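1. Sharing a model that was predicted from the sequence below.
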Amino acid sequence: MENLGLKQNAQPFGTANIKIGMVDDVVKNSIQLAKEKPVVLCISAEDKSTDEGGLRLKDKLNTKLMKITSRGIDAPIIYIEKETSSANAIKLKYEVNSSKIKCDIIFLKNQKKYNQSSVEGKEVDLDGMIDLIIGVVEKNIK
């Protein structure tokens, strides 16, 4: 400020004694910190017979994971958009026979398989199928 020909003299005001960074037990106990939660994303969903994703299960699953994450501190898992070394990557491989879907759920971390499970549902109830997959994912991710 001296370059402008002005001089600044800071002066305290008021008589309050504010202890910055010091809290009592009541304040400490009222602060809720988020617990570490597993991060997850679906990286692929393929029909075993065509190697394509005609049912769009990947998009539907990631959309549902995003909704779960939006619950904030109460969310059991966190959806991320890009795979990282700490992420649980989910691969879906499914087959459709007579309107029934059998879906294998493959769990990967650092591109290494660590678990696999499967669910069955109906082609007419893809939302129900996604809910089944979410249930398996929540129980099996690290």
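-> Perfect, thanks for sending it.

2. neighbouring contacts of the lengthiest helix in the chain?
-> Longest helix in the chain by number of residues (criterion: DSSP state H): helix 126-140. Helix 126-140 is touched from outside by 40, 55, 57, 60-61, 64-65, 68, 76-77, 88, 90, 92, 101, 103, 105, 107, 115, 117, 119, 121-122, with contacts defined as Cβ atoms under 8 Å, 6 or more residues apart in numbering. Any C-beta I mention is one placed from the backbone N, CA and C, and that applies to glycine too.

3. Tell me how many other residues crowd residue 110.
-> 11 (other Cβ atoms under 10 Å).

4. same thing with the one 4 residues further on?
-> Residue 114: 13 surrounding residues under other Cβ under 10 Å.

5. quick check, it in a strand?
-> Yes: checked against DSSP: H, G, I helix; E, B strand; the rest coil, residue 114 lies within a strand.

6. same question for the helix or strand hosting residue 67, mean pLDDT?
-> Per DSSP states H and E, residue 67 falls inside helix 57-69. For helix 57-69, the mean per-residue pLDDT is 96.

7. now the contacts of helix 126-140: which count as buried?
-> 40, 55, 57, 60-61, 64-65, 68, 77, 88, 90, 92, 101, 103, 105, 107, 119, 121 (16 or more other Cβ atoms under 10 Å).

8. Isn't residue 142 up against residue 38?
-> Yes: using Cβ atoms under 8 Å, residue 142 is in contact with residue 38, at 6.1 Å.

9. any shared contact partners between those two?
-> Counting by Cβ under 8 Å, 6+ apart, the common neighbours of residue 142 and residue 38 are residue 88.
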